[in-house]
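Participant: the following block contains a protein sequence and its predicted model.
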Amino acid sequence: MLNDLSRPTRLLVAGFGLALGLMIGGPGMGEGSGASWVLLFGGLLVEVVVIGAFPALLGRAERRFRVAVDAGTGEIARGEVVPVPAAGRVVRARADRRHGWFLPVRGAGPAPSSLTVLVALADGADGVRARRVAALVPPDLDLGHGGPALLLVHPVRRDVAVLDDRVTPDALVAVDADPRWTTQRLPTDRTVVGGYLALVAAAAAGVAAGFGLAALVLTVW
């Protein structure tokens, strides 16, 4: 979920494009006919459905992801897996009121926690690229955007990590100065949605489909 949001984002944009194509194409080609009004309101209905359904589906996926992060964190905490150390930087943090947190030194704590998204550098040994990971940390721990961190990444659930609070200040300085921050291809908000050009193409395809559907309806009507 953290590293590839291209499909749902493109579907969302294409849905808005489809609605726009219907709302513009219907009245534009129908010249005030009854079918043109049907297409206009049909486009509005599609837009309402997209606006209502997408947040619900995305929220459901996020809840499942948070459960997976909690499960992966527990596996690391109980020693069921051997995590992989990685240098990281903070992207953003959001409150999580349902799941607890874990740090190697401070141990485990109850909810609430802070679901923190970080970029974890790849070590280059297994060909894995830098990726975004999520860690459940104490809500009182203010890492700050772009702040360096040492991570313990789950070996199987590659989107899950634990923040290593055994790190020293000198080690954090070394993480921040790691040359791989400038040599590796880092995930960004643009890349995880597949690139802005792909979104423009999805919107154009949606508009074209809306115009095509409007023309078909007006022809058959």
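Facilitator: Looks like it arrived, so ask away.
Participant: now residue 25: which helix or strand?
Facilitator: Residue 25 is part of helix 6-30, with elements assigned from DSSP states H and E.
Participant: show me the contact partners of that helix.
Facilitator: 35-40, 42-44, 46-47, 49-50, 54, 57-58, 61, 192-194, 198-199, 202-215, 217-218 (Cβ atoms under 8 Å, 6 or more residues apart in numbering). Where C-beta positions appear, they are placed from N, C-alpha and C, glycine not excepted.
Participant: low-confidence ranges in the protein?
Facilitator: 124-127 (pLDDT under 70).
Participant: which helix of it spans the most residues?
Facilitator: Ranked by residue count and defined by DSSP state H, the top helix of the chain is helix 34-77.
Participant: PyMOL command to pick out the buried ones of the contacts of helix 6-30?
Facilitator: What follows is the PyMOL syntax for the buried subset of these, where burial is set by 16 or more other Cβ atoms under 10 Å:
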select buried, resi 35+36+38+39+40+42+43+46+47+50+54+192+193+194+199+202+203+205+206+207+209+210+211+213+214+215+217+218
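Participant: leaving out sequence neighbours, find the closest residue to residue 133.
Facilitator: Among residues not flanking residue 133 along the chain, residue 161 sits closest, at 4.1 Å (Cβ to Cβ, 6 or more residues apart in numbering).
Participant: contacts only, for that neighbour.
Facilitator: Residue 161 neighbours (Cβ under 8 Å, 6+ apart): 83, 86, 88, 118, 120, 133-135, 151-154.
Participant: now it, which residues is it bridged with?
Facilitator: Beta-bridge pairing of residue 161 under DSSP bridges involves residue 153.
Participant: can you tell me how far it is from residue 152?
Facilitator: 6 Å (Cβ to Cβ, to the nearest Å).
Participant: tell me which residues in stretch 22-32 are buried?
Facilitator: 22-27, 29-30.
Participant: can you redo the residues you listed as CSV with distance to residue 78?
Facilitator: Shown next, in CSV, are these (distance: Cβ to Cβ, whole Å):
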residue, distance to residue 78
22, 53
23, 55
24, 57
25, 58
26, 59
27, 62
29, 64
30, 64
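Participant: how close does the residue lying closest to residue 215 once chain neighbours are set aside sit to residue 118?
Facilitator: Using Cβ to Cβ, 6+ apart and skipping residues adjacent in sequence, the residue nearest residue 215 is residue 29, 6.2 Å away. Using Cβ to Cβ, residue 29 is found at 50 Å from residue 118.
Participant: report the residue ranges of every domain in this protein.
Facilitator: 6-64+192-220, 81-191 (automatic domain parsing).
Participant: what's the first helix or strand after the strand of greatest length in the chain?
Facilitator: Longest strand in the chain by number of residues (criterion: DSSP state E): strand 84-96. The C-terminal neighbour of strand 84-96 among helices and strands, as given by DSSP H and E, is strand 101-103.
Participant: helix/strand/coil for residue 149?
Facilitator: strand (DSSP: H, G, I helix; E, B strand; the rest coil).
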